[in-house]
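Colleague: Give me a 3D structure for the following:
(2 chains)
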Amino acid sequence: AQSVAQPEDQVNVAEGNPLTVKCTYSVSGNPYLFWYVQYPNRGLQFLLKYITGDNLVKGSYGFEAEFNKSQTSFHLKKPSALVSDSALYFCAVLNTGGFKTIFGAGTRLFVKA
Amino acid sequence: SQTIHQWPATLVQPVGSPLSLECTVEGTSNPNLYWYRQAAGRGLQLLFYSVGIGQISSEVPQNLSASRPQDRQFILSSKKLLLSDSGFYLCAGTGSSYNSPLHFGNGTRLTVT
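Modeller: Alright, predicted model coming up:
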C-alpha cells in the first residue's frame, strides 16, 4: 500500500533563511509526487509535482522539490523564506495507474520576521 | 482551468440530523472527484472518490455516503449525524489527466452539536 510520511509536525525558520520540509514515500511502481499548501480555513493549493524527468522540480511561489529515488524522498525547499510562506504543507503521492491521492499528515511552517 | 465550488462554508447541525454537502465542478468534463475530511487542521482522510456518474468508491466505512448524479456534481450525505462527523470537509477534482494535480474547494466546516 502507498503511504507518505512527513516526519516533522512543525518547522521554524527565520525570514530570509532557506527552508526544507521533509517527505518520504512508499509506493509500488513509479510514484507521482505532489506538494500542496493550505492556508487557514481554505482548501489546499497545488505547489508542484514530480511525474518523471529531472529530479529537481520547480513550482509556484519560488518553491522547489528534490526527488531522490534511492532515499524515497521528495523534500520541499525554498532558498529564502518569507513570513507569508507560513502555512500547512502537505506531501502527497498518487500511485501509477491509480485514482487515489494519499496525503501525509502535514507540516506546519512558521517563518519568523 | 478547473474550479471547485463547495457550500456552505460553515454548518452547525445537531446530532441525529441529516446532512447534504454539495460540490460542483467548473471547467473540466468527466473529472475524478473526491471527498476528504480533515480533522483538527491536520491530515486528510479520503472518504469517497468517483470516476464517473453513478460510480462511487468508499474508502472508510461510516455513516456517510456519496452520490454523483451528474458529471460535475458530487454530494456527500448522511441520514443521521454523529458527534464524530465534525470536521472540515473538502471536495477535490482532477483535471483532464488522471495524474494532474487535485483542485480543491474552500471546504465546509461541519460542527455536530
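Colleague: Can you read off the pLDDT for residue 102?
Modeller: I'll assume chain A. What the model reports for A:Ile102 is a pLDDT of 90.
Colleague: that's the wrong chain, I wanted chain B
Modeller: Taking B:Leu102 on its own, its pLDDT is 93.
Colleague: for it, what are its contacts?
Modeller: Residues counted as contacts of B:Leu102 (Cβ atoms under 8 Å, 6 or more residues apart in numbering or on different chains) are A:34, A:36, A:44, A:46, A:92, A:101, B:34, B:92-94. Yep, even glycine has a C-beta here, placed from its N, CA and C like the rest.
Colleague: any idea how far the stretch of helix or strand B:Ile4 belongs to is from the chain center?
Modeller: Here B:Ile4 sits within strand B:3-7, counting by DSSP states H and E. Taking Cα atoms, centre = their mean, to the nearest Å, one finds strand B:3-7 lying 10 Å from the centre of the chain it belongs to.
Colleague: Strand partners (parallel or antiparallel) of the next helix or strand after it?
Modeller: Moving toward the C-terminus from strand B:3-7, the next helix or strand (DSSP H and E) is strand B:10-13. Neighbouring strands of strand B:10-13 in its sheet, by DSSP bridges, are strand B:108-112 (parallel).
Colleague: So what does A:Glu85 have for phi and psi?
Modeller: You called it Glu, but residue A:85 is Asp. Phi and psi for A:Asp85, reported as degrees, to the nearest 10, are phi -80, psi -10.
Colleague: let me fix that: A:Tyr61
Modeller: Residue torsions, per degrees, to the nearest 10, at A:Tyr61 are phi 60, psi 30.
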